[in-house]
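Asks: coords please:
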Amino acid sequence: MQTETQSAQPQEVPKDRASSSTGVSSIIVGVVIAAVVGLSAWYLVGPQPLLVQGEADATRFDIAARVDGRVAEIAVNEGQDVAAGALLVRIDSPETFAKNDQALAAKVTAEAQLANINAGTRAEVIAARKAALERAESSVILARKTYDRKSQLAQHGNAPQAQVDQATDSLHEAERALDQAKSAYEQAVNGYTREEREIAVANVGKAVADVKAVQSIIDQMVIYAPVASQVYQRNVELGEYVAPGVPLVTLIDLTDLWIHFDLGEDLVKKLKVGDRFAVRIPALSDRRILVEVKQIPTKGEYASWPGARTTGDFDLRTLSIRAYPIDKVPELRPGMSAYLDWRERG
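Replies: Here you go, the predicted model:
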């Protein structure tokens, strides 16, 4: 019985083995703590990564109407490449065409009046005026003879004074008619005056200017692409009424692409025109593109974030930097994101 009791008692672990296990555990814990502290210190003291996001952009053209009317034709679709001078939109305006017809008719009338003045008086009119002048001269001769005869008779008492007065009035009337006939004949011979000719010339000039003004409006009813570009957006539909200044089509010049970054002035001070660096385009499978800074604006705007310190600091200003690709990137499109690792910048 005593032997069984002794065998049931637990065996004691050697003290030297227990102390060895405790020491190893302490060493492991210490190493882990040291690693954590070291990594934390490196993270706090070491340089922090700075990733700057930009965006691809390009020159855009908002092609607007300069006249009012209804859209009669839309010759392009969104995403279509168009050449310089290609037809984009045609506008119809019946009122404008009616004004053009009126202006053309007024021009024809003014030119006819000028031609009539330059041609002068017709020969038939001159002959008629000359015949009228000769009749007026004969009437004056006859009236003067009648007056002389009545005067002599009245002096001898053979005619009353009333007949003399009547003969006098007839003579004066014949003389006035002669003056009028003489003026009419001279006018026919001399033709129109210089002032009348100048007025006719001015009327023709005004009519021509009116035709050009209306024609310029008609010319603006057909809208063409100013440069070779791509149709980004159609802003109107067929049959829609448009007014001057309303954008009809938006074009993008894909040959003038750049990457723009909105940088605070604390970063911009480290840049200068001509600097080159690589950016990453996620939409192109993280393709790296080398770009060159070509524009740094002379004036910035206020940033949307406050200063880092609450005392002794001011709001930063933001400047929009333009960096152009060194090599052509046909796949690059406006709106694609571009990322710049500021630490890797040249």
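
Asks: for the one helix or strand L267 maps to, which helices and strands make contact with it?
Replies: According to DSSP states H and E, L267 maps onto helix 265-268. Where contact means 3 or more CB pairs under 8 Å, 6 or more residues apart in numbering; DSSP states H and E, helix 265-268 is packed against strand 317-325. For the C-beta atoms, the positions are set from N, CA and C on the backbone; glycine is no exception.

Asks: now the strands for the stretch 101-250 of the chain?
Replies: 222-224, 229-234, 241-242, 247-264 (DSSP state E, counting those that start in this stretch).

Asks: in the longest one, which residues are buried?
Replies: So the one you mean is strand 247-264. Neighbour-count burial for strand 247-264 flags 248-254, 257-259, 261-263 (criterion: 16 or more other CB atoms under 10 Å).

Asks: how about those in CSV, adding distance to V125 and pLDDT?
Replies: Listed next are these as CSV, based on distance: CB to CB, whole Å; pLDDT from 0 to 100:
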residue, distance to V125, pLDDT
L248, 58, 93
V249, 61, 94
T250, 66, 93
L251, 64, 94
I252, 70, 93
D253, 67, 91
L254, 72, 89
L257, 76, 91
W258, 77, 91
I259, 82, 92
F261, 85, 88
D262, 83, 85
L263, 87, 82
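
Asks: tell me which two of those residues sit farthest apart.
Replies: L248 and L263 (35.7 Å; CB to CB).

Asks: if we take the buried residues of strand 247-264, which one ends up nearest to V236?
Replies: For the buried residues of strand 247-264, the nearest to V236 is L248 (5.2 Å; CB to CB).

Asks: still on that earlier bit, between the next helix-or-strand element following the helix holding L267 and strand 317-325, how big is the angle?
Replies: Moving toward the C-terminus from helix 265-268, the next helix or strand (DSSP H and E) is strand 276-281. Going by axes from the mean of the first three to the mean of the last three CA atoms, to 10 degrees, strand 276-281 is angled at 90 degrees with respect to strand 317-325.

Asks: which parts of the protein are helices?
Replies: 2-8, 15-45, 94-119, 123-155, 161-190, 194-219, 265-268 (DSSP state H).

Asks: the longest one packs against which elements?
Replies: With contacts taken as 3+ CB pairs under 8 Å, 6+ apart, helix 123-155 sits against helix 161-190.
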